[in-house]
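In: coords please:
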Amino acid sequence: MGNRREATTVVTSTLTGLIDDNFNGNEENVFGSDVSSSEVPGSDNDVSERVTLDGLNMDGIEVDELCDSDDSGRLDSAHGSDSDGQNWPEFNLENDMSNLRLKVGMLFMSKHSLKEAAKQYSRLNSYFIEFSKNDLRRLKAVCNEKCSWFIWASRLNPNDPTDQTWQIRSSNPNHTCSKVYKNRNVTSAWIGEQYKEKFIADSDYSLKSLQQDVKRDFCCLVSLTKCRRAKLRALELIEGAHKAQYEKIYEYLLEFRTQNEGTTTICYLDNRLFQRIYVCLQACKDGYRAGCRRIVGLDGCFLKGYYGGYLLAAVGIYANNDIYPLVYAAVESENQASWLWFLELLPMDLEIVSSYHISFMSDKQKGLLEAICMLFPNAETRHCVRHLHSNFKNAGFRTKELKDLLWKAARASTIREFDDAMDELRKTNHLTYDWLKKKNPAHWSRSHFSIKSHSDMLVNNLSESFNKMILEAIGKPILTMMETVRTKIICVPSHAGGDKYQVECGLGSQHVVDLVQNSCSYRNWDLTGIPCMHALAVIHVKNEFPETYVQTWHTKQTQIQIYSNFVSPVRGPKQWASLSNMLPILPPPLRRPPGRPTKVRRKEPDEPQTTKRLSKRGEEMRCSKYKIIGHNKRSCKGKVGQNILVKKHQVGVRTQQQATPSQQEGTPTQQGALTQIPTAPTHQETASRQKLPLKRKSTTTTVR
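Out: Numbering: from 1, shown residues only. Next up, the predicted model:
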C-alpha cells in the first residue's frame with residue numbers, strides 16, 4: 001500500500017510539472033464548440049505540444065487509479081483542496097475577453113462561455129474557428145482541415161446535472177495555416193455590441209466609419225450590409241426592441257400619471273392591437289391657460305420606426321413668438337378618424353369652452369379641416385401661406401414677381417392694402433388673379449384675420465419647429481420615442497400690451513390709436529398684442545412707459561406663473577409597477593408602403609437644397625467641342641453624324657425652299673443638315689468615314 005501511495009505521488013508530481021512546463025508559459029486561447037466523439041484527436045505534427053488530463057495512460061496506470069480515496073478529490077476538480085489537488089484557473093466572461101489567456105485545465109462556468117471565448121480568440125487572432133464536435137458532455141474546436149490547432153473540452157462533472165462547469169482537457173496551440181481577413185465569427189450582433197458606445201456618443205455614426213474601425217481594430221473585412229445590421233443591433237441595445245416595448249405601455253403610463261399628477265394619458269387598442277396613445281402634461285395645461293396666445297398649430301409627422309405610424313401634435317405660442325408644446329399623440333395613420341379622436345380630447349385638456357375664441361393654424365392635412373369644422377364650427381382656421389405658395393407654383397405661376405405679389409397680399413394688415421395688392425396682381429397676370437380669388441382671404445391674409453387670438457402668423461412654423469425638435473425621436477421604439485418627446489418639452493412664458501390717438505405717417509398715411517382699447521387702425525397692435533410704432537409714438541408723447549400697455553400674458557408675473565409648473569421625472573422600467581391583471585399589448589399590424597422607405601423629407605423647388613449644384617432645368621445644352629446646340633460633349637458623335645435636334649411633331653425635313661431665313665443664314669454645314677435628305681452613303685463617303693478615329697462610330701439618319 002505504501003508503494004502504491006509513493007507511485008501516485010510521483011506520477012501526480014510528474015503530470016503537474018508536465019502541464020506547467022508545456023502550457024503555463026504559453027498564451028493559449030480556448031474555443032468552444034459542439035463535440036460528439038469521446039476520443040481525443042491526435043496531431044500530425046510530432047513537434048506540437050499536447051496534454052490530456054483525463055483518460056491518461058502512463059505505463060498501463062489509469063489516472064483514476066492515482067486517486068487513493070474520495071478525500072483526495074478529482075485531478076480536474078474545480079475546487080483545489082489538499083496538497084494532492086490542483087487549483088485550476090477560472091475564466092471570467094466579462095473581464096477576460098479583452099485579454100484572452102486560456103490554458104489547459106481552465107474552468108468555464110458553462111459551455112456558452114467556452115464557445116464565446118473560442119470565438120473571441122478567432123476574432124483577436126484572425127483565425128476562423130469552428131466547432132467540429134459538440135454534444136452535452138464534450139466539445140472540440142478546430143481551425144481548418146489543414147491546421148493542427150485544436151481545443152478539446154468536456155464537462156467537469158458529467159454525472160452531476162447541477163454542475164455546468166466545463167474544462168479544457170487538451171489542446172494544440174500551434175497554427176499551421178495562414179490568417180484570414182473575412183471571419184465569419186465577426187457577426188453583426190457582435191459588432192453591434194462591440195461598438196455600442198460609438199452610437200451612444202454619435203447617433204450619426206456612419207456605416208463607412210464602422211467598416212473602417214472594424215478593419216483597423218480586428219484586421220477584418222466586413223461588408224456594408226453587415227455594418228447596417230450591426231447598427232440596427234446597437235440601436236436596439238441602446239433604445240430597446242420595437243416589439244418588446246409595446247408590452248410595457250401600461251406600466252409606462254401608470255408611472256407617468258403617478259409622477260405627474262393631473263396628466264392625461266390615453267391608450268387606444270383594437271382587440272389588444274395597439275393603435276393610438278395620447279399624452280397631455282398637466283404642466284402644459286396650466287401654462288397654456290396662464291397666458292399663451294389663443295392660437296394652436298396642428299401638424300403630423302411620419303414615424304420612421306419599424307411599425308410606422310404618425311405623430312400628431314398641437315403646439316401653442318407665447319407672446320415672444322416661441323413654441324409652447326401642448327399635446328402629442330402617436331396614431332396609426334393621419335386621416336379624418338385619427339384627427340377627430342385627437343381633437344375631441346384637446347378641448348377637454350385645454351378647457352376650450354367656446355370655439356369662437358380659438359384659432360387653428362394648419363397645412364390643410366388630410367382629414368384635418370373636416371374634423372375642425374365638425375368639432376369647432378366657430379373657430380378661425382388659418383392656412384399656411386408657404387404651402388399656399390407651393391400650390392400656387394404647381395398651378396403654373398412660378399415667377400418671382402407673382403410670388404412677391406402673393407406675399408404682399410398675405411402681409412397686408414388692412415382690407416385697402418389687400419385690395420390694392422390684388423388689383424396689382426390682376427394687372428400683372430389675370431389668370432393668377434382668378435386662381436387666387438377663389439381662396440378665402442380669411443384663411444391666408446392678415447387683413448381678414450380675427451384679433452381674438454392676438455397673433456398675425458401667416459405660416460405654420462411653430463409646428464414645423466416642433467417637428468424639427470423631435471426629429472431624432474421619430475425613428476425610435478414607441479416608449480423611447482414618447483420619452484424623448486417628453487424630455488424635450490419646455491414650458492415657455494409669454495407677454496403682450498397697448499392707448500388711443502391719431503398718428504400721421506407721411507402723406508396720405510394716417511392711423512388712429514386707442515390706448516384704452518389697446519387698438520390701432522393699422523391692426524398690427526390688434527393682431528400681435530404688442531404696441532406698434534404708431535402706439536409707441538403716442539405713448540412717448542404722453543411721457544408714459546410702453547410696459548404699462550403690455551397685456552397680462554406679456555408680463556414677468558405671467559412668465560413666472562407659466563414656469564411654476566414642472567414635469568416630474570419618471571423612474572426607470574425596473575421600478576415600474578407591474579400590472580399582471582392586464583393582457584400585454586400587441587404591436588400594430590405592420591404596414592409597408594410600396595417603394596424604398598424615405599429618410600429625408602421631400603423638399604419644395606424653392607426650398608434650400610442640401611447640394612451646392614444648381615439645377616440646369618430649362619437650359620439648352622451646347623456641345624463644348626463643336627459649339628452646337630442640342631447635345632453635350634459626352635453624347636457628341638462628331639461632325640459627320642451631328643446630333644440634329646428634330647421636333648417630335650415634324651414628319652419630314654424641310655427643303656431649302658421651306659427653310660426659314662434664320663436657317664438659311666446659318667453655316668453651310670447647318671444648311672446642308674436641314675436641306676439634304678439623308679440617303680445611302682456613297683463609296684467615297686464610306687472611304688472617308690473609314691479614315692476617322694476608331695472610337696468615332698459612323699451613324700446614318702433615317703427619316704420616316
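In: Ramachandran angles for residue 278?
Out: Residue 278 adopts backbone torsions of phi -130, psi 140, taken as degrees, to the nearest 10.
In: so how far is residue 331 from it?
Out: In this view, residue 278 and residue 331 are 9 Å apart by Cβ to Cβ, to the nearest Å. In this view, the C-beta of every residue, glycine as well, is placed from N, C-alpha and C.
In: And for residue 232?
Out: Counting by Cβ to Cβ, the gap from residue 232 to residue 331 is 25 Å.
In: between these two, which one's more packed in?
Out: residue 331 (23 against 14; other Cβ atoms under 10 Å).
In: and the more buried one, what are its bridge partners?
Out: residue 310 (DSSP bridges).
In: Give me the distance between it and residue 343.
Out: Taken as Cβ to Cβ, the span from residue 331 to residue 343 is 12 Å.
In: cool, residue 479 as well?
Out: Distance from residue 479 to residue 343, by Cβ to Cβ: 25 Å.
In: Which residues in stretch 453-469 does the neighbour count mark as buried?
Out: Within stretch 453-469, the residues scored as buried using 16 or more other Cβ atoms under 10 Å are 453-464, 466-467, 469.
In: Over to stretch 163-170?
Out: For stretch 163-170, using 16+ other Cβ under 10 Å, the buried residues are 165-170.
In: From those, which land in strands?
Out: 166-170 (DSSP state E).
In: where does the one residue sitting closest to the centre of the chain land in three-state SS?
Out: The centroid of the chain falls nearest to residue 475 when counting by Cα atoms, centre = their mean (4.7 Å). Under DSSP: H, G, I helix; E, B strand; the rest coil, the three-state class of residue 475 is coil.
In: Could you double-check that it lies in contact with residue 305?
Out: Yes: taking contacts as Cβ atoms under 8 Å, residue 475 lies within contact range of residue 305: 5.7 Å.
In: And the residue nearest to the centre of the chain, how far from residue 331?
Out: Taken as Cβ to Cβ, the span from residue 475 to residue 331 is 17 Å.
In: quick revisit: tell me the one of the buried residues of stretch 453-469 nearest residue 115?
Out: Taking Cβ to Cβ as the measure, residue 469 is the one of the buried residues of stretch 453-469 closest to residue 115, at 45.9 Å.
In: nearest spatial neighbour of the closest one, skipping sequence neighbours?
Out: Spatially, and ignoring its direct neighbours in sequence, residue 469 is nearest to residue 488 (5.6 Å; Cβ to Cβ, 6 or more residues apart in numbering).
In: What is the burial count for that neighbour?
Out: 13.
In: Provide the backbone phi and psi angles at it.
Out: Dihedral angles for residue 488 - degrees, to the nearest 10 - are phi -90, psi -10.
In: Now for it: which residues touch it?
Out: 469-470, 473 (Cβ atoms under 8 Å, 6 or more residues apart in numbering).
In: what two of the buried residues of stretch 163-170 are the furthest from one another?
Out: 165 and 170 (17.1 Å).
In: Run through the residues that contact the nearest residue to residue 149 once chain neighbours are set aside.
Out: Among residues not flanking residue 149 along the chain, residue 143 sits closest, at 4.3 Å (Cβ to Cβ, 6+ apart). Each residue near residue 143 by Cβ under 8 Å, 6+ apart is listed here: 127-129, 149-150, 175, 177.
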